[in-house]
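Enquirer: requesting a structural model of the entry that follows:
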Amino acid sequence: MKKYLLVLGFFIAGMNQVNAQYYDNLNFNINDSLKLVASTNSAAKKIDILMNIGYRYEWSMGDTAVVYFKQAEKIAQDSKDDLALLLAYYNISETYSQTIGNYPLALHYATEGLKLGNRANLSESQMRGIYFVLSLSYSYLNNKDLGLKYLIKSFPYSNRQKRTNDNYNAGVNSTIVGTTSKVYYILEMYDTAFFYNSYIINFYNQKPYEQRWSGGYVVQGDIYRAQKKYDSAIINYKLSIPLAFISSLYKDYLEAASGLTSAYAALHQVDSAIYYGTQVVTYSSKFTFTEGLLNAYKVLYQMYKIKNNQDSAFKYLEKSQELGEQLYNSLKINEAQNIALGEQTKAIELAEQKEAQQKKLIFTAIGLMLFAVGIYLNGKRKQRERLRQIEEDRKNNELAAARDLQQSMLPKENPKRPDLDIATFIRSSTEVGGDYYDFFPQPDGVIFSVCGDATGHGVTSGMMVSVTKAGLNGISPVKPNKILQRLNGVVKRIDLGTLRMSLNIAEITSDEVFLSSAAMPPIYLYKASTKQVEEFMNNGLPLGGLREEEFILENRKFEVGDVLVQLSDGLPEAPNLAGEMYDYERLSSLIQSSCHLTAQEIIDVLIKSVDEWMQGKRNPDDITLVVTKKK
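Expert: Alright, predicted model coming up:
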């Protein structure tokens, strides 16, 4: 019966809102609860108490909730209780996505739940909670296909019809419908989100006022704001606020206040935007909502700038930068702690070896002592050399693996289209470069050609390239500027700190090219009819900069003999021995004089020219070229 109740929790996506209200009404004492955990020998009881503590904090202090959910996870693993472990994975994933806003970690724990379900051969009904958090995580990470796939598995269409039309088991299923509407909102399917969310609002409007759910009005406000219906959004956000306080759902209040901040800013109602932004800042000191706090800082900076209050504007700009850096640095701190722990372990092992050797020396004859010490010192020298070699080999193997991973992300071959001659070139300045090119051929013959340059070099830039390729594969084919906008959202949500990605995209149809760029060097288009080279410099900011960045779209005819050149800045900015730059004007002139050649011959001419310019010097930046010629 106990396990059945645990699994039932999965069927109720969003039931933790009910838990938050329930536990607020208890005479809750965390010390008493922890004493119960310490005093009982029952693993099931320990898990139950720790889960209850986690529920108490899940919608207010996410980091604290995760601590207790992870303690329950450890006990479930040790006691081999698969259903309890599944529930722990569900709660950790939901807290990371809904409260903390760490979507990659949310996806990690949801995936661990999926692996556990497959390994333990659990039923579809037992797995629906995990399917839901998988849907939520993929949706936040802009993977629409997988988000919809797991949403349907968690709440099949046949069940939806029964539950929305017949009010079947309405007290439970209304929360499932409500959370379904939120996933559709995240996926930007606003009409579908509105349909399900209207159901949830109508259902709760039949109840006494104090029993209504604030979350439905928050999502309704989000939908209206996304559709730029700001007045309707404001009404719904304000309807949610008293209900959030009645039920102690402070996360809902913070979401509503953050939404009001953005809505009033969009309507240029500066004082109202400042009021609600300040509310978010005030309540975020007690309750977790990192994404909303970051949004409030940015809007407050903009509003105080409009009011010409430079001191306050600078304060909130500084806070937004600090919070962004803090999110990035926390990952670095964890990494540093792991390295320190590894070094400490090595030191302990070496100390134990030394102590063992010293004990042996006690029983060695005095006459052999100097000889033994000599052997010991020589052994230590060899040991240090061996450890140094092992560490060097480890680093080389990691670099080789990262280089192989980067190479695997590049196309195995260039796309084949009868009317196009395509050639590519890439040369990294270090073992792992930050440049990237790719092609995405479509069934109708259209080809999307991509050229990018990540911040810096090495393993960190390789990480950004990995995120970019994964994001491009998850975005449906639309115009290049829209692809850049959606990819910018993915990179911004993952938040790799100061890492950025510059990228341009060319959509090549049968007789046109559509071009859009995010902080890349010019795209060069040679027109055979005029024998002139046109430079496209309509650049936006790099991906991962501003959340709402928009990108310009250009289009031109692409006729026989025309040549399109996409490149990174490694070639035009290559230095010679005197430190002089190769220069964009020199590059444009050489392209103009070489476009009577094939695509590969054009690349050969450009690379030969820049190599002669550098006079044998190693280029400090990666060089990438993508040349497409219309036959």
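Enquirer: who touches stretch 581-589?
Expert: If you take Cβ atoms under 8 Å, 6 or more residues apart in numbering as the criterion, stretch 581-589 is touched by 521-522, 524, 533, 535, 571-576, 606, 610, 613. All C-beta spots, glycine's among them, are computed from the backbone N, C-alpha and C.
Enquirer: and these, which of them are buried?
Expert: Buried members of those, counted by 16 or more other Cβ atoms under 10 Å: 521-522, 524, 533, 571-574, 606, 610, 613.
Enquirer: tabulate these (TSV), appending distance to Ile47.
Expert: Output for the buried ones among the contacts of stretch 581-589, formatted as TSV (distance: Cβ to Cβ, whole Å):
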residue	distance to Ile47
Pro521	57
Pro522	60
Tyr524	63
Val533	68
Leu571	60
Pro572	61
Glu573	59
Ala574	61
Leu606	64
Val610	64
Trp613	67
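Enquirer: out of those, which one sits closest to Val560?
Expert: Val533 (16.8 Å; Cβ to Cβ).
Enquirer: thought that closest one was touching Ile591?
Expert: Yes: with contact defined as Cβ atoms under 8 Å, Val533 reaches Ile591; the gap is 5.6 Å.
Enquirer: picking up where we left off before, in helices only, show me the contacts of stretch 581-589.
Expert: Of the positions in the contacts of stretch 581-589, 606, 610, 613 sit in helices, assigned by DSSP state H.
Enquirer: gap between the residue most central in space within the chain and Glu291?
Expert: In the chain, the residue lying closest to the centroid (Cα atoms, centre = their mean) is Ile494, at 1.9 Å. For Ile494, the distance to Glu291 equals 13 Å [Cβ to Cβ, to the nearest Å].
Enquirer: what about the strands in the stretch 501-631 of the chain?
Expert: 501-508, 512-518, 523-527, 532-536, 539-540, 554-557, 563-567, 623-630 (DSSP state E, counting those that start in this stretch).
Enquirer: partners of the fifth one, with directions?
Expert: What it means is strand 539-540. Using DSSP bridges, strand 539-540 pairs in its sheet with strand 512-518 (parallel).
Enquirer: contact partners of the strand it pairs with?
Expert: 479-481, 483-484, 488, 501-507, 523, 525, 536-543, 549, 551-558, 564.
Enquirer: which residues of the stretch 451-600 of the chain score low on pLDDT?
Expert: By pLDDT under 70, the weakly predicted segments of the stretch 451-600 of the chain are 456-460.
Enquirer: about what we covered before: export the strands of the stretch 501-631 of the chain to a markdown table and tack on distance to His596?
Expert: Converted to a markdown table, the strands of the stretch 501-631 of the chain look like this (distance: least, Cβ to Cβ, whole Å):
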| stretch | distance to His596 |
| --- | --- |
| strand 501-508 | 20 |
| strand 512-518 | 20 |
| strand 523-527 | 10 |
| strand 532-536 | 13 |
| strand 539-540 | 29 |
| strand 554-557 | 19 |
| strand 563-567 | 9 |
| strand 623-630 | 10 |
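Enquirer: quick one: the strands in the stretch 101-250 of the chain, in order.
Expert: Assigned by DSSP E, counting those that start in this stretch, the stretch 101-250 of the chain shows no strands.
Enquirer: and which of the ones in helices among the contacts of stretch 581-589 is nearest to Tyr217?
Expert: Nearest member of those to Tyr217, counting by Cβ to Cβ, is Leu606, at 58.9 Å.
Enquirer: Leu625 is in contact with the closest one, correct?
Expert: Yes: taking contacts as Cβ under 8 Å, Leu606 lies within contact range of Leu625: 6.5 Å.
Enquirer: quick check: neighbours shared by those two?
Expert: Leu571.
Enquirer: gap between Lys145 and Gly579?
Expert: Quick fix: residue 145 is Asp, not Lys. Taking Cβ to Cβ, one finds Asp145 at 49 Å from Gly579.
Enquirer: meant to ask about Ala193, not that
Expert: From Ala193 over to Gly579 the distance is 56 Å, taken as Cβ to Cβ.
Enquirer: the two - which one has more neighbours?
Expert: Neighbour count, other Cβ atoms under 10 Å: between Ala193 and Gly579, Ala193 has more, with 23 against 6.
Enquirer: which residues sit in contact with the more buried one?
Expert: Here Ala193 is in contact with 181-182, 184-185, 219, 223 (Cβ under 8 Å, 6+ apart).
Enquirer: now the helices for the stretch 101-250 of the chain?
Expert: Using DSSP state H, counting those that start in this stretch, the helices found in the stretch 101-250 of the chain span residues 103-120, 124-140, 144-154, 157-166, 170-186, 190-205, 214-226, 230-246, 250-266.
Enquirer: which of the residues in the first one are buried?
Expert: Neighbour-count burial for helix 103-120, counted by 16+ other Cβ under 10 Å, picks out 103, 105-114, 116-117.
Enquirer: which neighbours do Val533 and Ile591 have in common?
Expert: Residues touching both Val533 and Ile591 (Cβ under 8 Å, 6+ apart) are 524, 526.
Enquirer: and the residue lying closest to Ala296 once chain neighbours are set aside, what does it touch?
Expert: Excluding its sequence neighbours, the residue lying closest to Ala296 (Cβ to Cβ, 6 or more residues apart in numbering) is Val280, at 3.8 Å. Counting by Cβ under 8 Å, 6+ apart, Val280 touches 254, 257-258, 261, 289, 292-293, 295-296.
Enquirer: quickly find the element holding Val280.
Expert: Assigned by DSSP states H and E, Val280 belongs to helix 270-284.
Enquirer: helix or strand next in line after that helix, which one?
Expert: Next element after helix 270-284 (DSSP H and E): helix 290-306.
Enquirer: send me that next one as CSV with only the CA atoms.
Expert: What follows is helix 290-306, C-alpha atoms only, in CSV (Å, rounded to 0.1, in the frame of the first residue of the first chain):
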residue,chain,number,x,y,z
THR,A,290,16.5,32.7,-10.2
GLU,A,291,15.1,33.3,-13.7
GLY,A,292,12.5,35.8,-12.4
LEU,A,293,15.1,37.6,-10.3
LEU,A,294,17.5,37.9,-13.3
ASN,A,295,14.6,39.3,-15.4
ALA,A,296,13.7,41.8,-12.7
TYR,A,297,17.3,43.1,-12.5
LYS,A,298,17.4,43.6,-16.3
VAL,A,299,14.0,45.4,-16.5
LEU,A,300,14.8,47.6,-13.5
TYR,A,301,18.1,48.6,-15.2
GLN,A,302,16.1,49.6,-18.3
MET,A,303,13.4,51.5,-16.3
TYR,A,304,15.9,53.5,-14.2
LYS,A,305,17.8,54.3,-17.3
ILE,A,306,14.6,55.7,-18.9
